[in-house]
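J.: Give me a model of this one.
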Amino acid sequence: MKKRKHRQQVAALPYWTNPDGKLELLLITSRDTGRWVLPKGWPMKGRRPHEAARIEAFEEAGIDGKIGKKAVGEYHYDKDGELPCRVRVYPLSVAALREEWPEMAQRRREWHCPAKAAELVDERDLKALLRSTPAILDLSSGRKD
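T.: Now for the predicted structure:
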């Protein structure tokens, strides 16, 4: 059986702690199917992977914040059902959400607790990553950003 080569993508894992002290994650809808996903895209020439993830988060979700330089995990999916992709995920501490952003007419965005966010996404690896977000970010001893 021939092993399929994965294309690399980068994603942001947008998070904040709400006024009640609870961790929340921001999901967006995909443009084509409306599925819930993380802001993600292809690597950008001349940009480090975490910088590309931050740019995608702004373009797709209107997020301003500080992104971590180190990936906190990865997941796999097939883009358009046929192109295998490996997505490296970078934590993004959200400082603000813009009222207007480049893809606002094409997407929705919503905050969810990690368990609910995991229920909403389709990819098995991403579900596991979202469920483990509190431990990954280790918010009790300071943010990883």
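J.: which intervals of this structure have sub-threshold pLDDT?
T.: Within the chain, the segments meeting pLDDT under 70 span 1-4, 139-145.
J.: what ranges do the strands span in this protein?
T.: Applying DSSP state E to the chain gives strands spanning 7-17, 23-29, 36-37, 40-41, 63-67, 73-79, 83-97, 109-112.
J.: Tell me which residues are up against the third one.
T.: Meaning strand 36-37. 27, 28, 29, 30, 110, 117, 120, 121, 122 (Cβ atoms under 8 Å, 6 or more residues apart in numbering). C-betas here are computed from N, CA, C, even on glycine.
J.: looking at the sheet around the residue nearest to the first one when sequence neighbours are not counted, what are its partners?
T.: It refers to residue 27. Take residue 27 and drop its neighbours on the chain: the residue closest to it by Cβ to Cβ, 6 or more residues apart in numbering is residue 36, 4.5 Å away. The partner list for residue 36 in beta bridges (DSSP bridges) reads residue 29.
J.: Packing partners of the longest helix seen in the chain?
T.: What stands out as the longest helix in the chain, according to DSSP state H, is helix 49-61. Counting contacts by 3 or more Cβ pairs under 8 Å, 6 or more residues apart in numbering; DSSP states H and E, helix 49-61 packs against strand 7-17, strand 23-29, strand 40-41, strand 63-67, strand 83-97.
J.: Show me what the longest one is packed up against.
T.: Helices and strands touching strand 83-97, as assessed by 3+ Cβ pairs under 8 Å, 6+ apart, comprise strand 7-17, helix 49-61, strand 63-67, strand 73-79.
J.: Which one, of the helices and strands packed on helix 49-61, ends up nearest to residue 129?
T.: strand 83-97 (6.4 Å; Cβ to Cβ).
J.: Tell me the strands beside the closest one, with direction?
T.: Assessed with DSSP bridges, strand 83-97 is paired to strand 7-17 (parallel), strand 63-67 (antiparallel), strand 73-79 (antiparallel).
J.: report the angle between the axes of that strand and strand 23-29?
T.: On the basis of axes from the mean of the first three to the mean of the last three Cα atoms, to 10 degrees, strand 83-97 is oriented at 120 degrees to strand 23-29.
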